[in-house]
Each structure stands twice: as structure tokens, then as C-alpha cells.
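Novice: just the structure for this:
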Amino acid sequence: MRQGTQGKVRIRLWVAAVLMLLPLLAGCGGNNNAGAPAAEAGGGNAATASPETAATSEPAAEPVTVKLQLKWVPQAQFAGYFLAQDKGYYDAEGLKVEILPGGPDIVPEQQVAGGSADIGVDWVASLLTSQEQEMPLVQIAQIFQKSGLVLVSKKEAGINTPADLKGKKVGNWMGGNEFELLALFDKYKLDSGKDLNFTKQGFTMDQFLGGELDAASAMTYNEYQVVLESGVKPEELSVIDMNDEGVAMLEDNLFANKEWLEGNKETAAKFVRASLKGWADAIADPEAAVDSVMKLAEAGSTTREHQLTMMKEVAKLIQPEGFDASKLGYTDAAAFQQTADIALKFGVIKTAAKVDEAYTNEIVEMAAK
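Specialist: You can find the predicted model right below:
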């Protein structure tokens with residue numbers, strides 16, 4: 001019994017000694033780890049994860065693809081979109097924008113309504129026609145605030161006012177481009193089938209320069225400049241401006257597929273915001289804008305000088321003199337209504353447009369925030 005008791009005492013003393021040492025051992029371990037870098041301290045704490053772990057925990061978001069369908073081939077008429085892409089404005093918004101060139105066989109409204117593109121560029125009259133055909137489209141921004149269409153004639157033709165068009169041969173490209181002129185004729189009580197010879201005009205200015213037309217249609221940023229580049233001086237010409245005559249129709253806009261827009265308003269706002277930044281830069285720096293255009297223009301199809309002149313004229317339509325630059329992209333209700341009224345009067349559309357459904361400023365307002 002005595003030996004058993006002594007053995008029990010020794011066991012108790014040994015256990016007590018171990019219990020006394022445990023705090024010291026734990027303390028030693030804590031001191032060593034406290035002095036080590038966080039990466040060596042071990043454990044699964046996210047706050048002290050290694051750089052390699054942190055880099056793989058949150059993958060970068062994929063950019064959202066947006067397809068933009070242009071009305072025509074690459075030229076300064078669309079410079080703002082090209083410049084926005086070159087300056088990385090779309091990238092900064094998390095967008096991957098594909099700019100699709102247009103052409104004579106491409107109808108932007110059909111491309112957007114059919115899903116081949118998300119957003120399109122065209123004239124408002126064309127959009128109204130497509131909306132009447134029940135294509136699910138809505139205008140989300142108005143880029144050109146003024147019409148670029150004029151009638152140009154040589155002073156020798158004696159056309160000083162629209163009333164002087166009586167008995168003259170007047171050209172237009174037709175195919176939807178003639179309605180401002182029909183409104184002009186109507187204003188001056190001229191019957192296009194009796195009082196003058198209203199005829200189809202080619203896409204060059206050869207007929208006008210060759211004397212086959214007394215007055216020809218021209219865009220301020222394109223055909224009018226072609227006439228000047230041919231050697232005709234401005235003082236040798238008379239110009240009738242649709243804006244001055246109160247018969248102007250809105251031109252280049254941005255429109256989207258309603259179904260796509262319903263679930264992509266933020267994406268649309270990002271696209272519009274980046275595009276308007278591109279346009280603001282293009283207006284401020286036409287040279288840079290033309291740099292972007294010439295990268296995409298078909299070789300031999302144009303010259304840098306012509307594109308630079310075009311860009312400067314386009315700027316006057318996007319941001320006219322006295323226009324509030326903060327309103328870039330907004331659709332003016334009165335201008336849109338005038339376009340819709342002319343379209344109805346001359347048969348572009350058969351019934352009055354539902355203007356409150358035809359366009360929205362919501363996306364531009366979102367883009368401004």
C-alpha cells in the first residue's frame with residue numbers, strides 16, 4: 001500500500017508540472033507567429049490570404065457586347081463612335097462595342113428589329129416608318145439637332161428664294177430623302193408634278209456640275225463640300241436651308257430594340273454616355289476624330305481633307321451655335337413633332353405617329369448621372 005501511494009503522488013506531481021508548462025508553450029508559439037509575415041502565419045483567414053489566393057477569388061467581369069449598326073459606310077458622319085472606341089470610353093464602361101458599317105443594301109431598322117444589332121443609326125423619318133410597320137423600336141438619343149439638307153443652285157439659275165423654283169429642274173435622291181423638299185414646295189404652293197420638274201438625282205454631283213439640274217439636293221457635310229472641292233466658289237452659289245425654312249426633319253439618331261432595351265437599360269445608358277463623350281471630343285478636336293475615321297475608311301474612297309471638312313460641318317449639326325452642350329443627345333419634343341407631322345402629311349407614315357412611344361429621353365438622362 002505504501003509503494004502504491006508514493007506512485008500516485010509522483011503521477012499527480014508530473015501532471016501538475018505539465019499543466020504549468022502549457023501556457024508557456026502556447027505563449028512561445030504566439031510570439032513566433034506574431035513576428036512572421038501574414039503569408040507565413042497559416043490559417044484560412046481571408047484577410048491574410050496570399051496574393052495568389054486573392055487573385056483567383058474574384059474573376060474579372062466579362063465585358064458586355066453591344067452591336068451598333070451604322071446608316072452608311074465609315075465617314076465623319078459617325079466619327080464620335082469611332083473616337084469613343086479608340087479612346088477606350090466603351091471599355092471604361094465595361095462594354096465591347098462592335099461597329100457594323102452600313103451601305104445601300106442595309107436598313108438599320110431591320111437589323112436592329114431582327115436582332116443582328118442592338119442599337120442603330122438612321123434618320124427619324126425612317127424610324128417612324130419602321131415603327132408604323134410594328135417593328136419593336138424606340139429612339140433613345142438624337143445626335144443631329146439640325147437637318148443637314150440644303151438645295152444648292154448656281155447664281156446664274158436665278159433661284160434666290162424657294163418661290164423661284166417654279167419652272168426649274170430640281171433633283172433629289174428620293175427613296176425617303178425627298179420629304180423635306182415636298183414640305184418646302186407645299187409651303188410655297190408649288191406642285192412638284194406641275195409647277196417644277198422634280199427628278200431623281202444620282203449620288204454624285206455630276207448632274208449639277210454638268211448643268212443638268214438647276215437645283216440639287218446636298219448635305220452640308222458632304223455633297224455641298226464636293227461642289228466646293230470641284231472649284232465652284234461659295235459666292236457663286238445660292239443655298240436654301242431647310243432649317244431656315246421651317247421644314248427641317250431630324251436626321252441621325254440612336255434607336256434600340258424595345259425588347260433588348262427592357263432588360264438592358266443600364267447597358268444602353270453606358271453606351272450613350274461613352275458615345276456622347278466621343279462626340280464631344282470629336283467636336284473639340286476634329287483632327288483626332290478624322291484619325292479614327294481614316295483607319296476604317298475604304299482605301300481610295302475618300303480623302304482626309306474631305307473628312308476633316310465633313311467633321312467640322314457635322315459638328316454644326318450636333319452642337320449648333322447657341323446650343324447647350326449639356327443637352328447633347330436629347331430629343332427635342334417640338335423638333336420630333338415637326339418631323340412626325342411632315343412625315344404624315346407627305347405619306348411617309350399613314351397614321352399619326354404615337355410620339356410619346358416613339359422616343360424616350362430616359363436613357364440620355366441615365367447617361368448624364
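Novice: across the sheet, point out what pairs with the residue nearest to Leu181 when sequence neighbours are not counted.
Specialist: Across the structure, with CB to CB, 6 or more residues apart in numbering as the measure, the residue nearest Leu181 apart from its sequence neighbours is Asn172 (5.6 Å). The way it works is simple: take the backbone N, C-alpha and C, and place the C-beta from them, glycine included. Beta-bridge pairing of Asn172, defined through DSSP bridges, involves Lys200.
Novice: check contacts around Asn172.
Specialist: Listed by CB atoms under 8 Å, 6 or more residues apart in numbering, the contact partners of Asn172 are Glu178, Leu181, Phe198, Thr199, Lys200, Gln201, Ser217.
Novice: in PyMOL, select just the buried ones from those.
Specialist: One line in PyMOL is enough to select the buried members of these, burial here meaning 16 or more other CB atoms under 10 Å:
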select buried, resi 178+181+198+201+217
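Novice: between the contacts of Asn172, which is closest to Leu83?
Specialist: For Leu83, the nearest member of the contacts of Asn172 is Ser217. The distance, counting by CB to CB, is 28.5 Å.
Novice: nearest spatial neighbour of the closest one, skipping sequence neighbours?
Specialist: Distances taken as CB to CB, 6+ apart place Asn172 nearest to Ser217, at 4.4 Å, with adjacent residues excluded.
Novice: which strands or helices does the host helix or strand of Gln307 pack on?
Specialist: Secondary-structure assignment from DSSP states H and E places Gln307 in helix 304-318. In terms of contacts (3 or more CB pairs under 8 Å, 6 or more residues apart in numbering; DSSP states H and E), helix 304-318 is packed against helix 79-86, helix 223-229, helix 265-284, helix 286-296.
Novice: winner for burial among the ones you listed?
Specialist: helix 79-86 (a mean of 25; mean count of other CB atoms under 10 Å).
Novice: please state the offset of that helix from the chain centre?
Specialist: Averaged C-alpha coordinates place helix 79-86 at 9 Å from its chain's average position (CA atoms, centre = their mean, to the nearest Å).
Novice: out of the helices and strands packed on helix 304-318, flag the one nearest Ser130.
Specialist: That would be helix 265-284 among those, by CB to CB, at 18.2 Å.
Novice: output the contacts of Asn172 as a markdown table; include the columns pLDDT and distance to Ala248.
Specialist: Output for the contacts of Asn172, formatted as a markdown table (pLDDT from 0 to 100; distance: CB to CB, whole Å):
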| residue | pLDDT | distance to Ala248 |
| --- | --- | --- |
| Glu178 | 94 | 14 |
| Leu181 | 97 | 11 |
| Phe198 | 98 | 19 |
| Thr199 | 97 | 22 |
| Lys200 | 97 | 22 |
| Gln201 | 97 | 19 |
| Ser217 | 98 | 13 |
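Novice: gap between Ala353 and Gly114?
Specialist: 22 Å (CB to CB, to the nearest Å).
Novice: of those two, give the one with the bigger neighbour count.
Specialist: When Ala353 and Gly114 are compared for neighbours, Ala353 comes out ahead with 23 against 11, by other CB atoms under 10 Å.
Novice: okay, the more buried one: pLDDT?
Specialist: Confidence at Ala353, expressed as pLDDT, is 97.
Novice: can you check Ala299 too?
Specialist: In the predicted model, Ala299 carries a pLDDT score of 89.
Novice: that one: how many residues sit nearby?
Specialist: Neighbours of Ala299 under the rule other CB under 10 Å: 6.
Novice: for the one 4 residues further on, same thing?
Specialist: A count of nearby residues for Thr303, using other CB under 10 Å, gives 12.
Novice: same question, Thr161
Specialist: The number of residues packed around Thr161, counting by other CB under 10 Å, is 10.
Novice: excluding its backbone neighbours, what's nearest it?
Specialist: On the basis of CB to CB, 6+ apart, the spatially nearest residue to Thr161 that is not a chain neighbour turns out to be Ile240, at 7.7 Å.
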